[in-house]
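Visitor: Predicted coordinates and the sequence they were generated for:
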Amino acid sequence: MIEKIDHIGIAVKSIDDVLDFYRNALGLDLEGTEIVEDQNVKTAFLPVGESEFELLESTSPDGPIAKFIEKKGEGIQHISLKVDDIEEALKEMKENDVKMIDKEPRYGAGGAKIAFLHPKSTNGVLLELSERKE
Ligand code: ZN
């Protein structure tokens with residue numbers, strides 16, 4: 001049911017400030033940026049082969065990314081797993097007693113249907129399930 005690592009979410013203070021590194025030093029292309037209003041976050045996607053980096057910048061001082069950076073500093077915030085059917089994946093998580101942050105899928109960047117697993121069930125790693133039609 002899990003097809004690949006869809007993307008790695010990296011919390012940064014400023015996307016503009018770090019793009020130079022990702023584009024010039026690493027030679028990656030910026031696929032696009034998007035504001036996800038209900039998460040108070042601006043995202044930038046940079047494909048890396050079959051996966052992507054998702055840079056995350058808070059658009060409000062009390063958004064989840066701002067809080068993450070306050071506590072832990074900039075760095076990897078979540079790892080996203082591509083699933084073919086998120087409703088089915090959520091059912092399987094429930095059957096396996098996995099704690100979820102999202103019991104129902106919601107919409108993330110790029111119109112993907114996403115749901116986060118609770119870090120209590122994943123040894124501290126914030127995992128995201130993502131169903132995205134190519
Ligand atoms: Zn993500």
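Guide: Perfect, I can see it now.

Visitor: Parallel or antiparallel, which strands does the helix or strand of the chain with the lowest mean pLDDT pair with?
Guide: When each helix and strand of the chain is scored by mean pLDDT, DSSP states H and E, strand 106-107 comes last, with a mean of 92. Using DSSP bridges, strand 106-107 pairs in its sheet with strand 113-116 (antiparallel).

Visitor: Using PDB, write out every CA atom in the next helix or strand after the partner strand.
Guide: If you walk from strand 113-116 toward the C-terminus, the next helix or strand you reach (DSSP states H and E) is strand 127-131. Taking Å, rounded to 0.1, in the frame of the first residue of the first chain, the C-alpha atoms of strand 127-131 are listed here in PDB:
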ATOM      1  CA  LEU A 127       4.900  10.500   9.200                       C
ATOM      2  CA  GLU A 128       2.400  11.700   6.700                       C
ATOM      3  CA  LEU A 129       0.300   9.600   4.400                       C
ATOM      4  CA  SER A 130      -0.300  11.200   1.000                       C
ATOM      5  CA  GLU A 131      -2.500  10.200  -1.900                       C
END
